[in-house]
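# Predicted model and sequence below, questions to follow.
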Amino acid sequence: MPKLKEVCRHIRSKVAGPFWVTTDLMFDSQDSYDKYFDSPALSAESLAAIYDIDPASIIYYPVPKLRVLKISYPRKTPQGSVEERDLHSGQQFTYMLDLELG
């Protein structure tokens with residue numbers, strides 16, 4: 001099974017306000033987008049387990065014309081709080097890179 005990092009030309013995460021993170025999955029082809037954008041590996045339950053959040057809080061924004069899937073979820077701690085380890089959320093995507101898509 002291919003890994004997410006093998007079917008996306010670019011993957012990034014970024015701050016989406018003090019309480020949210022957005023990860024952008026930019027697929028390398030229309031075929032990859034059509035085949036994997038709704039993979040069980042990218043399901044709310046799967047991502048909730050990775051980020052230790054409520055699956056109901058995950059929001060998906062598919063952009064088929066651009067072959068992009070945007071995934072937003074709440075931060076565990078507010079941006080800039082004492083517990084915060086990634087102020088701009090720029091490293092949060094790394095937890096998804098090796099997800100095996102089916």
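Perfect, thanks for sending it.

# Now do the SS call for T94.
Using DSSP: H, G, I helix; E, B strand; the rest coil, the secondary structure recorded for T94 is helix.

# What segments of the protein are strands?
For the chain, the strands defined by DSSP state E cover 8-15, 20-27, 59-63, 68-74.

# Deepest in the core, which of these is it.
Mean neighbour count (mean count of other CB atoms under 10 Å) peaks for strand 20-27 among the strands of the chain, with a mean of 20. To be clear about C-beta, it is placed using only N, CA and C from the backbone, and glycine gets the same treatment.

# residues making contact with stretch 51-69?
24-30, 32-33, 37, 42-45, 47-48, 70-74, 76, 92, 95 (CB atoms under 8 Å, 6 or more residues apart in numbering).

# how long is that stretch end to end?
With CA to CA, to the nearest Å applied, stretch 51-69 spans 18 Å between its terminal residues.

# Just give me how far it sits from the chain centre.
Relative to its chain's centre, stretch 51-69 lies at 7 Å (CA atoms, centre = their mean, to the nearest Å).

# ok so, going back, right, so of the strands of the chain, which gets closest to G80?
strand 8-15 (10.0 Å; CB to CB).

# Give me the helices and strands touching the closest one, please.
strand 20-27 (3 or more CB pairs under 8 Å, 6 or more residues apart in numbering; DSSP states H and E).

# Let me see the mean pLDDT of the strand it packs on.
Mean pLDDT, strand 20-27: 97.

# now that strand and strand 8-15, what's the angle there?
170 degrees (axes from the mean of the first three to the mean of the last three CA atoms, to 10 degrees).

# List of residues touching strand 20-27?
Residues from elsewhere that reach strand 20-27 (CB under 8 Å, 6+ apart): 4, 7-16, 33, 36-37, 42, 66-75, 89, 92-93, 96.

# Understood, closing this out.
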